[in-house]
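> Predicted model, plus sequence, below.
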Amino acid sequence: MLVNLAVTAAAVLVLMLLTWGIGVRRRRHDGVDVVWGLGFAMIGVITALLADGPAWRRVLITALVAVWGLRLAWHIHRRNRDKDEDRRYVELMERASGNPHLYALYSVYLLQGLLMWVVSLPVQVGQYGDGPWVLAPLGVALWLVGFAFEAIGDAQLARFTADSANRGRVMDTGLWRYTRHPNYFGDACVWWGLFVLACHDWPGLVTVVGPATITYLLTRGSGKPMLEKSIRDRRPGYADYVERTSGFFPRPPKKA
């Protein structure tokens, strides 16, 4: 298993270096967001070819991570198509010291590659061993809940922002009525579900670092805090929305 974990780490490194090269050529680096989902699908496929677990488990885990990753990659590609570069990367390049592209290499690409490999540990370790299948239905159910929240939340927001009448308004209907970030909540559930699938043998328990890392990033790191700061600056009504709506776990909004 350790050798194969090294193989996936090398594959992620190559992927990120290639993505960085394309970003330098395009003179914009937000394409790495599309590669984020594709990278997880790649890790799942490589592990499925190398692992020694039962075929049904390898196929199941790989299919789940691939469906999640490919949908996310397509969604981000479609959202960013024909638009200016994401402001996060513009600001990053503006504050870079020295060569901005080299700065992007280690502060964006290599960092995201490391995080990708760590978060994907349940997908990798879960494809080894021949433990009981009893936890599989729970893991799949949690994945389904997460995938639904993420996909439906993204679709609802896309329709909302596509309507010019909503310009400057805050999305507070559909799933967005119950949580300010249904896509982030869904993302976390997907990875906790994959972690449960990895727990058929004791090494899977160690991979809790994966879902714990992505949950922290979404709630305390580069996810919710950075996004909400940006929205507060652009949309005055967002402060009221924050007061009445859960920041992560879905629940009925507070009454005014």
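Thanks, I have the structure now.
> all contacts plus neighbour counts: C-alpha atoms, from now on.
Noted.
> how close does Ala66 get to Leu72?
As defined by C-alpha to C-alpha, to the nearest Å, Ala66 lies at a distance of 10 Å from Leu72.
> One more: Leu13?
For Leu13 relative to Leu72 (C-alpha to C-alpha), the value is 21 Å.
> likewise Val32?
12 Å.
> what comes up buried for the strand or helix carrying Ile22?
Using DSSP states H and E, Ile22 falls within helix 2-26. For helix 2-26, the neighbour count (16 or more other C-alpha atoms under 10 Å) marks 4-5, 7-9, 11-13, 15-17, 19-20, 23-24 as buried.
> What is the burial count for the closest residue to Asn80 other than its chain neighbours?
Sequence neighbours aside, Asp86 is the residue nearest to Asn80 in space, at 8.0 Å (criterion: C-alpha to C-alpha, 6 or more residues apart in numbering). Per other C-alpha atoms under 10 Å, the neighbour tally for Asp86 reads 14.
> So what touches the worst-scoring helix or strand of the chain on mean pLDDT?
Least confident helix or strand, the chain: helix 224-234 with a mean of 75, by mean pLDDT, DSSP states H and E. Among residues not part of helix 224-234, those counted as contacts by C-alpha atoms under 8 Å, 6 or more residues apart in numbering are 168, 181, 218-219, 238-239.
> Apply 7 Å and report the result again.
Outside helix 224-234, the residues that touch it by C-alpha atoms under 7 Å, 6 or more residues apart in numbering are 218, 238-239.
> Let me have those in a markdown table, extended by neighbour count, secondary structure and pLDDT.
Supplementary listing: those in a markdown table, determined by neighbours: other C-alpha atoms under 10 Å; DSSP: H, G, I helix; E, B strand; the rest coil; pLDDT from 0 to 100:
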| residue | neighbour count | secondary structure | pLDDT |
| --- | --- | --- | --- |
| Leu218 | 20 | helix | 94 |
| Tyr238 | 18 | helix | 85 |
| Ala239 | 14 | helix | 84 |
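> For Arg25, which residues are in contact?
Contacts of Arg25 by C-alpha under 7 Å, 6+ apart: none found.
> gap between it and Leu18?
Counting by C-alpha to C-alpha, the gap between Arg25 and Leu18 amounts to 11 Å.
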